[in-house]
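S.K.: With the sequence up front, the predicted model follows.
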Amino acid sequence: MKGEEIMAFVGYLPIVLYFLLEFNRRKPVKEEKQNRGSSFYIGVALGLMITIPKFMYSFTANKYNSLLFSGVIVGLIGVWIRYSSMKQLGRFYSRNVGMQGEHKLIQSGLYKYIRNPGYLGSFLTFLGFALSSSSYVAIIINIILFFLAYSYRIKIEERALVTLFGEQYKQYMSKTWRIIPFLY
């Protein structure tokens with residue numbers, strides 16, 4: 001394997017781990033889905049957030065720079081955050097916007113500060129992947145794609161959670177950030 005191929009593999013490591021987490025997910029119980037197309041938008045965005053940096057990487061002259069390693073580290077932190085949030089929610093962590101029987105509002109651990117730490121993990125994973133491409137254009141595009149898809153998803157999800165938990169969720173919203181502390 002050539003050095004360039006090794007570097008490309010290293011850049012993909014967080015993405016591979018991100019998708020392997022799907023096999024670690026606990027299955028929801030009696031889930032009532034309320035996606036409203038958000039899963040489709042997220043799927044398209046994730047596909048583009050992989051394809052665009054990969055395409056931009058092929059035009060990068062200096063493939064051995066610090067952005068590659070920084071991107072891998074940011075991506076691995078993202079995978080860890082996503083894994084941690086999946087573990088904390090257990091069966092309530094779903095690929096869908098869906099309410100389950102005996103649904104509980106978790107407000108501890110990462111959820112004490114951020115309403116969507118799993119989305120933060122996704123953001124960091126795909127931001128890290130774009131960083132590892134060494135393309136500032138790919139980084140900007142990944143940020144835009146992420147926030148377009150996930151802002152819509154969060155709007156749908158929060159509407160469902162307010163309906164389910166009422167004032168309790170509204171109070172939780174007033175004490176926490178959506179995804180990124182102090183920013184959003």
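M.R.: Received it, and whenever you're ready, just let me know what you need.
S.K.: Rounded mean pLDDT for the longest helix anywhere in the chain, please.
M.R.: For the chain, the helix with the greatest residue count under DSSP state H is helix 136-165. Here helix 136-165 scores 92 as its mean pLDDT.
S.K.: Does anything pack onto that helix? Which helices or strands?
M.R.: helix 38-57, helix 117-132, helix 167-175 (3 or more CB pairs under 8 Å, 6 or more residues apart in numbering; DSSP states H and E). Every residue, glycine included, has its C-beta placed from N, CA and C.
S.K.: Distance from the chain centre to that helix, please.
M.R.: From the chain centre to the centre of helix 136-165 is a distance of 10 Å (CA atoms, centre = their mean, to the nearest Å).
S.K.: Equivalent analysis for stretch 106-119, please.
M.R.: Counting by CA atoms, centre = their mean, stretch 106-119 comes out at 13 Å from the chain centroid.
S.K.: What lies in contact with it?
M.R.: 81-82, 84-86, 88-89, 92-93, 120, 150, 153-154, 157-158, 172-173, 176-181 (CB atoms under 8 Å, 6 or more residues apart in numbering).
S.K.: Mind giving me the ChimeraX command for buried ones among these?
M.R.: Selecting only the buried entries of the contacts of stretch 106-119 in ChimeraX, with 16 or more other CB atoms under 10 Å as the criterion:
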select :81,82,85,86,88,89,92,93,120,150,153,154,157,158,172,176,177,178,179
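S.K.: where are the low-confidence patches of the chain?
M.R.: Counting by pLDDT under 70, the chain contains low-confidence ranges at 1-9, 26-36, 60-66, 96, 98-99.
S.K.: Any chance you could spot the residue sitting in the middle of it?
M.R.: Ser122 (1.7 Å; CA atoms, centre = their mean).
S.K.: which of the residues in the longest helix of the chain are buried?
M.R.: In helix 136-165, counting by 16+ other CB under 10 Å, buried: 138-139, 141-142, 145-146, 149-150, 152-154, 156-158, 160-161, 165.
S.K.: Also stretch 45-59?
M.R.: So stretch 45-59, judged by 16+ other CB under 10 Å, has buried residues Ala45, Leu46, Leu48, Met49, Ile50, Ile52, Pro53, Lys54, Met56, Tyr57.
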